[in-house]
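Participant: coords please:
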Amino acid sequence: MALATEFMETKGVVQDLHAVFESREDFEKISQVREELEAFLEACATKEQGAQDFIREFSQRVALVEKDANNTDSDVVHAARMRKFETEKLRVGKTISQFENEESLLKQQQEELAARGALLQKRRTDLETLEKDTVPRVKHELSLYAHVSKIIWHYEPTSRIVGHITDPANGDVKEIDIDPTKESSFQVANQLWDLVD
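Facilitator: The predicted structure follows:
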């Protein structure tokens, strides 16, 4: 009875491990983070190019203003020109402020993506460590179980309990094929013990 309980526990661990390593959830999350990071870097490059274009345009305007400032005009023309420059200065100030806000937001998004990436990497490392520690132990337990009980299970997906018992001393091989839906757990355990004895 204890052997069957150990087997069911070991079988549960193997099924859980199979489910953990069959899942692609962590891989998909890491892929998503990488895609978001690439999109973020592309957006940064676009913003940087926009800032460079803005600076180039502004430099050209400054050159024109300096050229105009060297020309002597009447006070009325000069006052009109100054109002125009003040308006332009306000517009440029707003644009620079907008760029600074966008840069701050992009930095915040970059930090969040880096944190998510680090968390996913830690989860991946934890799963790899679990695999390195658990899989050999479970394999050893299954091997020991098979050696002691002489039962070799057929793990193909089926609703039946299937396998065979070997007796190297006599050269006998007994097939196991039990339908657990038609019998109680107690009866199934007794049948297995009868076959092992």
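Participant: May I see the buried residues of the strand or helix carrying residue 193?
Facilitator: Of the helices and strands defined by DSSP states H and E, residue 193 is found in helix 185-196. Neighbour-count burial for helix 185-196, with 16 or more other CB atoms under 10 Å as criterion, is recorded at 188, 192, 195. From N, CA and C alone the C-beta is placed, and that goes for glycine too.
Participant: residue contacts, the most centrally placed residue in the chain?
Facilitator: With distances taken as CA atoms, centre = their mean, residue 29 lies nearest the centre of the chain, 2.8 Å away. Taking CB atoms under 8 Å, 6 or more residues apart in numbering, we find residue 29 in contact with 116, 120.
Participant: If we use 6 Å, what do you get?
Facilitator: residue 120 (CB atoms under 6 Å, 6 or more residues apart in numbering).
Participant: For it, what are phi and psi?
Facilitator: According to degrees, to the nearest 10, the main-chain angles of residue 29 amount to phi -70, psi -40.
Participant: Which is the succeeding secondary structure element to whatever helix or strand residue 60 lives in?
Facilitator: Secondary structure from DSSP H and E places residue 60 in helix 25-70. Per DSSP H and E, the first helix or strand lying C-terminal to helix 25-70 is helix 75-149.
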